[in-house]
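S.K.: Build me a model from this:
(chains A and B, ligands or ions: 2)
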Amino acid sequence: MNTRLWPIMRKEFIHIVRDPRTLAVMFIIPVVQLILLGYAANTDIRHLAIAVFDADHTAQSRQLVEAYRASDYFAISAYVNDESEIARLLDGGQVRGGLIIPPGYADSLLKGRAAQVAFVIDGSDPSVAGTAFAASQSVGQAQGVKLIQQRLGVDFSSLGGIEVRPRVWYNPDLRSSNYMVPALIGLILQFLTGLFTALSIVREREQGTIEQLVVTPIRSWELIVGKIIPYVGIAFFDLGEILLIGVLWFGVPVRGSIPLLAAIALLFLLTTLGTGLFISSVTKSQQEAMLVSFLVLFPGIFLSGFFFPLEAMPAPLQAVSYVVPLRYMLIIIRGIILKGVGLPAFQEQVIALAILGPLILIGASLRFRKSLE
Amino acid sequence: MSPLSLSAEQLTKRFDHFTAVEGVSFSVQRGEIYGLLGPNGAGKTTTIRMLLGLLRPTAGQGTVLGYDIVRQPEEIRRRVGYVSQKFSLYPDLTVAENFNFYAGVYGVARRSISARRGDTLALVGLADQEPVRAASLPGGARQRLALACALAHQPDFLFLDEPTAGVDPISRRALWDLLYALAASGTSILVTTHYMDEAENCYRLAFIYQGRIVAEGTARDMKEQQMQGQVVELDCEPLDRALTILRQAHLFDEAALYGSTIHAIGPDAQAALVQLPGLLADQGVTLHSAEVIAPSLEDVFITRLRHVDQSVHSPA
Ligand SMILES: Nc1ncnc2c1ncn2[C@@H]1O[C@H](COP(=O)(O)OP(=O)(O)OP(=O)(O)O)[C@@H](O)[C@H]1O
Ligand SMILES: [Mg+2]
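M.R.: Numbers count the residues shown, from 1 in each chain, chains lettered A, B, ... in the order given. Ligands and ions are numbered 1, 2, ... in the order given. Below you'll find the model as predicted:
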């Protein structure tokens, strides 16, 4: 083993161990983030509170209400006698939606005319509203089909035609924690390794120790590698920590190969460590480094598809997202953990990381060497 | 091996259009303590950085321990110790850990590190401080630890950039005693300072001003051979009025405060001394004594600077 790497790594390790704040951030923040995001970023809808205004008061209207209730998506938390009452409950946030059945609903059905009902949705949380919107329609349509079948006295299945039976794979209950927890692994690895590498190098610049290091026989790659390795170790520790909490606490199923995940994570870390190194070479103080890290990392998170699907973004933003390593890593992590798929399924992403990783790291190293002069 | 440890020939460093070092030449013998003396911004640090291969000279060349400063900086760095002007230790590491780190990166074999640490820390008087964090050491001790770290690999050449800035007089004395001991054992030393009295501790020195060497040699040489004119020390009061009179009267080339006396420098001190008492008495200055004395280093530099400034402002 290279004899100069060892003292650098050992020194870096002492810095980490002696600084309680760094330690806390490294080991506790991932847990807190995981638990917060695992719960808070929940867009599942289950028993969404709605109010019902049934102005028809017929057996048919009661059937429709029952269909909504039985769907599991909605929970009827109030029956009201007035449309304005629904508005009041929505305003107050007591309910997130309202079903309005106008008078004459059953009459229209019996006379063979299209019967209309209204479903109002609180759109202030678009992702919840989107799901509620779809659920309200599908419940209504299913009920409509049932009524037609009754009227015609036939069983549609005997008529052929198209029947779509959606079946959700990988995450059948559509639980968002299953989606979020794997993604958090990527996010936390990026945050820890990127930010802490930058800080540890900039600290030496602030202290003036870097000038001293430059005149030792240390080569710049030894300094880079020696400084980075302890953080890689911590990143893998965190990876295990998050997986464990994800499995034990959130019940996230791990279907794929963990060694494969670790191997690809290493590739991903090249990009994040490179980013950290780059940041350290363009900043002079730890504060500045922190600020630049956030400026770089945050847009990266949004452009990675962590919160919002990339498909929904305007084309220019999508184009930028191709250079965001986290974008590829999220697809890979979700693939391995949720789908249990192997390398062939995300070849492209691995290739992208294999190109970006060395590119960023080498570019940053060159920039870093220059900053030492 | 030749006894020459360092040679600089016409070293020049230009930053954009600003020339920080210009045509600096000097040499250091093996086991010699060589001083680079100069005010702030004179170019001392820049010179050292070129010698260590941290900066590429715009012109000129040099060797350290026989290696070329441009082509073989790695060979040089392996064999020299450097205590930079801003030298800082890792405050969260202990005295022993700081030493071990530098010993490690300089490639001292792991099994010999602890013996080396014992010896070196004893040399600088920190033997009993091994478990103390560097952050809690007083300034003087920190400086000595910095020196110990730079000595970890037993360098043949030691570069010290203003090692005594901000250090109390007792620690300064202790440091110099240490440097003499090192030099006696064959280590060559280049030290920069802007303290005149400290420069007298060096075997030879160069006075560097605005990037150029304006005087060079042993302190004694400078005082005896490079001094132009004679120095008159005046004990009189009030000092400020006397100074104004002297500067206006053109009896001397130069007059400056020197502690509680005035040093006046001119080509013909005897002639000036004849006129002096009357001149001062006329203006109400009481002259207690006035005598020609041997010049100090500071006197030498003041006259040299005058020389340089004149040649800069009125090119021949
Ligand atoms: N990288 C640089 N770019 C531009 N100018 C520089 C650079 N480094 C030094 N200088 C300038 O060169 C001059 C000489 O600086 P240097 O640090 O060598 O002086 P010094 O003799 O060590 O002074 P001090 O006693 O303050 O340490 C100064 O005017 C400084 O501003
Ligand atoms: Mg300096």
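
S.K.: Would you point out the helix or strand in chain B whose mean pLDDT is lowest?
M.R.: helix B:297-313 (a mean of 75; mean pLDDT, DSSP states H and E).

S.K.: Pull out the buried residues from it.
M.R.: Neighbour counts over helix B:297-313 (16 or more other C-beta atoms under 10 Å in any protein chain shown) mark B:297, B:299-305 as buried. C-beta here means a position set from N, CA and C on the backbone, and glycine is covered the same way.

S.K.: neighbouring contacts of that helix?
M.R.: Contacting residues not belonging to helix B:297-313 are listed as B:37, B:196, B:199-200, B:207, B:209-210, B:212, B:214-215, B:219, B:222-223, B:226-229, B:231, B:253-254, B:256, B:258, B:263, B:265 [C-beta atoms under 8 Å, 6 or more residues apart in numbering or on different chains].

S.K.: Do a quick rundown of the strands in the chain.
M.R.: Went with chain A since none was named. Ranges of strands in chain A, per DSSP state E, are A:48-54, A:74-80, A:97-101, A:118-121.

S.K.: please go with chain B instead
M.R.: Using DSSP E, strands in chain B cover B:4-15, B:18-29, B:33-37, B:59-64, B:67-68, B:80-83, B:157-161, B:188-193, B:204-209, B:212-217, B:230-237, B:254-258, B:261-266, B:286-293.

S.K.: Output these in a markdown table; the columns should cover distance to residue A:20 and mean pLDDT.
M.R.: Formatted as a markdown table, the strands of chain B follow (distance: least, C-beta to C-beta, whole Å; pLDDT from 0 to 100):
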| stretch | distance to residue A:20 | mean pLDDT |
| --- | --- | --- |
| strand B:4-15 | 42 | 94 |
| strand B:18-29 | 43 | 94 |
| strand B:33-37 | 44 | 95 |
| strand B:59-64 | 43 | 95 |
| strand B:67-68 | 45 | 96 |
| strand B:80-83 | 31 | 93 |
| strand B:157-161 | 35 | 95 |
| strand B:188-193 | 39 | 95 |
| strand B:204-209 | 47 | 92 |
| strand B:212-217 | 51 | 90 |
| strand B:230-237 | 61 | 88 |
| strand B:254-258 | 54 | 85 |
| strand B:261-266 | 58 | 88 |
| strand B:286-293 | 62 | 86 |
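
S.K.: What is the burial count for residue A:79?
M.R.: Counted with other C-beta atoms under 10 Å in any protein chain shown, residues neighbouring residue A:79 total 11.

S.K.: Flag the shaky bits of the stretch 101-250 of chain A, pLDDT-wise.
M.R.: Scanning the stretch 101-250 of chain A for pLDDT under 70 picks out the ranges A:155-176.

S.K.: and it, which residues reach ligand 1?
M.R.: Residues of the stretch 101-250 of chain A found near ligand 1 (C-beta under 6 Å from any ligand atom): none.

S.K.: and the gap between the residue in the stretch 101-250 of chain A that ligand 2 sits nearest to and residue B:84?
M.R.: In the stretch 101-250 of chain A, the residue that lies nearest ligand 2 is residue A:211 (11.6 Å; C-beta to the ion). For residue A:211, the distance to residue B:84 (C-beta to C-beta, to the nearest Å) stands at 5 Å.

S.K.: same question, residue B:16
M.R.: Residue B:16 is 23 Å from residue B:84, by C-beta to C-beta.

S.K.: neighbour count winner among those two?
M.R.: The neighbour comparison of residue B:16 against residue B:84 (other C-beta under 10 Å) goes to residue B:84, with 24 against 5.

S.K.: Pull the contacting residues for the more buried one.
M.R.: By C-beta under 8 Å, 6+ apart, the residues touching residue B:84 are A:208, A:211-212, A:215, B:161.

S.K.: Could you list which of the residues you listed belong to helices?
M.R.: Judged by DSSP state H, the subset of the contacts of residue B:84 located in helices is A:211-212.

S.K.: ok, of the contacts of residue B:84, which come out buried?
M.R.: By neighbour count, with 16+ other C-beta under 10 Å, those hold A:211-212, A:215, B:161 as buried.

S.K.: mind giving me CSV with those and columns for distance to residue B:27?
M.R.: Formatted as CSV, those follow (distance: C-beta to C-beta, whole Å):
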residue, distance to residue B:27
A:211, 26
A:212, 26
A:215, 21
B:161, 19
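
S.K.: Which one of those is nearest to residue B:242?
M.R.: Nearest to residue B:242 among the buried ones among the contacts of residue B:84: residue B:161, at 38.5 Å, using C-beta to C-beta.

S.K.: In the chain, which residue sits furthest out from the middle?
M.R.: I went with chain A, as the question did not name one. In chain A, the residue that sits farthest from the middle, by C-alpha atoms, centre = their mean, is residue A:111; the gap is 49.3 Å.

S.K.: Correction: the question concerned chain B.
M.R.: In chain B, counting by C-alpha atoms, centre = their mean, residue B:282 sits farthest out from the average C-alpha position, at 42.5 Å.

S.K.: ok, residue B:171 touching residue B:142?
M.R.: No - in this structure, residue B:171 is not within contact of residue B:142 by C-beta atoms under 8 Å, at 9.8 Å.

S.K.: Which of those two has more residues huddled nearby?
M.R.: Higher neighbour count among residue B:171 and residue B:142: residue B:142, with 22 against 19, using other C-beta under 10 Å.

S.K.: What residues does the more buried one make contact with?
M.R.: Residue B:142 is in contact with B:89, B:134, counting by C-beta under 8 Å, 6+ apart.

S.K.: Could you give the number of residues near the residue in chain B that ligand 2 sits nearest to?
M.R.: Closest residue of chain B to ligand 2, C-beta to the ion: residue B:45 (3.1 Å). Residue B:45 is flanked by 20 other residues according to other C-beta under 10 Å.

S.K.: Excluding chain neighbours, what is closest to whichever residue of chain A sits closest to chain B?
M.R.: Nearest residue of chain A to chain B, counting by C-beta to the nearest C-beta: residue A:7, 2.8 Å away. Spatial nearest neighbour of residue A:7, chain neighbours left out: residue B:104 (2.8 Å); criterion: C-beta to C-beta, 6 or more residues apart in numbering or on different chains.

S.K.: Could you give the number of residues near the one you found?
M.R.: With other C-beta under 10 Å as criterion, residue B:104 counts 24.
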